[in-house]
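[1] Requesting a structural model of the entry that follows:
(one chain, ligands or ions: 2)
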Amino acid sequence: MNKDWSEKNKEIQKLLSKEATFSDAIEKLIEFRNELFQHITWIVEGYPKEAFYQQPFAGANGYHSKTLAYSIWHIFRIEDIVAHEMIAEDEQILFSEKFLKKTASPIITTGNELEGKKIAEFSKKLNVQELYLYAKAVKESTDKILLQLQYKDLKRKFNEDTKKRLIKGKCVSKDENAFWLIDYWCGKDVKGLIQMPFSRHWIMHIEAMLRIKDRLCKDARKGADPVAICGLSCNHCFLGAWCGGCRTKYNVCSFATCSEGRICPNVKCCNEKNIDACYECSELETCEKGFFVPSNDGANAARAQCLYIRKHGKKEFLKVQTRLHEKYEFEKVQEVIGQDYKKALRMLEEE
Ligand code: SF4
Ligand code: SF4
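    Numbers count the residues shown, from 1 in each chain. Ligands and ions are numbered 1, 2, ... in the order given. Below you'll find the predicted structure:
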């Protein structure tokens, strides 16, 4: 488990066990859930539709054998059922906010019963944007429930009526891979539910999602030109674990994600000019588009890199980048290359 997340989780569990620190625990838990949820947001905002039904670790033993879409569905179906059927005893968000129709899900269950290719088939049917909104709505509603809890509520247990309600609701499949969940949840008190579906369960599945997305990015990069359109090197970029590169569909460079249609202005412009990249452009020295906007700290470093590529080719450029990154961190390299692009070009040539 991610060490930082594990430490945070441990601290929350410790604070949760004493009345004096209970409200701190809830505050920290919500803060931690926000941090974890941000990873889901980045994935949903950054990746193409097909990323959500790929199973790059199909058949593996672990949560990473699922898909990105399944993971989101599963985390938040469980939370919705537990938070609303068990703790708040009101209607689940899936039904009250009509997310069954909006997400186009063919199931109302947690998905535990799905195996192998069925996970990918199910994931393909989901409307990912609506799935994300469902996850967000469940998270926010659980946060509200958490804030209303008092220390004495932590010891609240569940009885046969809760079990019957869960069985009657059919939100847990009768399949042996799923049905055990009802006994498992009902064997816990509210504190136990906070410790698993609302925190540890998130950590385990979000870690698995990060593993899936790392692999998808790695696969997207195979055979793709590692020299970015703006003159950066994707092989040396600090965003390497998140971005497949601007020559692939997995482009999560901020200039792409913030632009209309999620297309980086430099990529768009090069496509219109029918050129490989900005280093082939006669306007490079004065261009202020996309990565070259004057407010971007790295603009002149990229410009110098483009000029270097134009003079010496991509192969030599990648070698210089490797030498620089052996000496400095990514941010430092930008700093070392500097703001004066002519000086920066000389510096790259001397390297
Ligand atoms: S952010 Fe840009 S340089 Fe970095 S990997 Fe993505 S496309 Fe390549
Ligand atoms: S005008 Fe700017 S963005 Fe367009 S190709 Fe030339 S250098 Fe790149």
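[2] how about low-confidence regions in the stretch 101-250 of the chain?
    Along the stretch 101-250 of the chain, the model assigns pLDDT under 70 to no residue.
[3] Near ligand 1, which residues of it? Just list them.
    The stretch 101-250 of the chain comes close to ligand 1 at residues 228, 232, 234, 237, 239-240, 243, 245-246, as judged by C-beta under 6 Å from any ligand atom. For glycine as for every other residue, the C-beta is placed from the backbone atoms N, C-alpha and C.
[4] which of those count as buried?
    In those, burial by neighbour count holds for 228, 232, 234, 237, 239-240, 243, 245-246, counting by 16 or more other C-beta atoms under 10 Å.
[5] Please tabulate those residues in TSV, including the columns secondary structure and distance to ligand 2.
    As requested, those are exported to TSV (DSSP: H, G, I helix; E, B strand; the rest coil; distance: C-beta to the nearest ligand atom, whole Å):
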residue	secondary structure	distance to ligand 2
228	coil	11
232	coil	13
234	helix	17
237	coil	18
239	coil	20
240	coil	22
243	coil	19
245	coil	17
246	coil	12
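[6] nearest to residue 130, of these?
    Closest approach to residue 130 among these (C-beta to C-beta): residue 243, at 25.1 Å.
[7] Can you tell me the closest non-neighbouring residue to that closest one?
    If the residues on either side of it in the chain are set aside, residue 243 comes closest to residue 252, at 4.4 Å by C-beta to C-beta, 6 or more residues apart in numbering.
[8] Would you agree the one you found falls within a helix?
    No: per DSSP: H, G, I helix; E, B strand; the rest coil, residue 252 lies outside any helix segment and is coil.
[9] ok, now how distant is it from residue 217?
    Noted for residue 252: a distance of 8 Å to residue 217, by C-beta to C-beta, to the nearest Å.
[10] What is the burial count for the residue nearest to residue 243?
    For residue 252, the neighbour count with other C-beta atoms under 10 Å is 20.
[11] Report the contact partners of it.
    Shown in contact with residue 252 (C-beta atoms under 8 Å, 6 or more residues apart in numbering): 42, 45-47, 239, 242-244.
[12] Extract the CA atoms of the strand or helix carrying residue 326 and return them as PDB.
    In the assignment (DSSP states H and E), residue 326 maps to helix 314-327. These are the backbone C-alpha positions of helix 314-327, laid out as PDB (Å, rounded to 0.1, in the frame of the first residue of the first chain):
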ATOM      1  CA  LYS A 314      15.700  14.100 -32.500                       C
ATOM      2  CA  LYS A 315      18.200  11.400 -31.700                       C
ATOM      3  CA  GLU A 316      20.800  13.800 -30.600                       C
ATOM      4  CA  PHE A 317      18.200  15.800 -28.700                       C
ATOM      5  CA  LEU A 318      17.100  12.800 -26.700                       C
ATOM      6  CA  LYS A 319      20.700  12.000 -25.800                       C
ATOM      7  CA  VAL A 320      21.200  15.500 -24.500                       C
ATOM      8  CA  GLN A 321      18.000  15.200 -22.500                       C
ATOM      9  CA  THR A 322      19.200  12.000 -20.900                       C
ATOM     10  CA  ARG A 323      22.500  13.600 -20.000                       C
ATOM     11  CA  LEU A 324      20.800  16.600 -18.400                       C
ATOM     12  CA  HIS A 325      18.300  14.500 -16.500                       C
ATOM     13  CA  GLU A 326      21.100  12.400 -15.100                       C
ATOM     14  CA  LYS A 327      22.400  15.600 -13.500                       C
END
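[13] For the nearest residue to residue 91 once chain neighbours are set aside, grab phi and psi.
    Among residues not flanking residue 91 along the chain, residue 84 sits closest, at 6.3 Å (C-beta to C-beta, 6+ apart). Dihedral angles of residue 84 (phi, psi; degrees, to the nearest 10) stand at phi -100, psi -40.
[14] Ok, residue 258 next?
    When read as degrees, to the nearest 10, the backbone of residue 258 gives phi -90, psi -10.
[15] Residue 289 too?
    Taking degrees, to the nearest 10, you get phi -90, psi 150 for the backbone angles of residue 289.
[16] Would you mind confirming that it is in contact with residue 270?
    No: contact criterion C-beta atoms under 8 Å: residue 289 and residue 270 do not qualify, at 10.1 Å.
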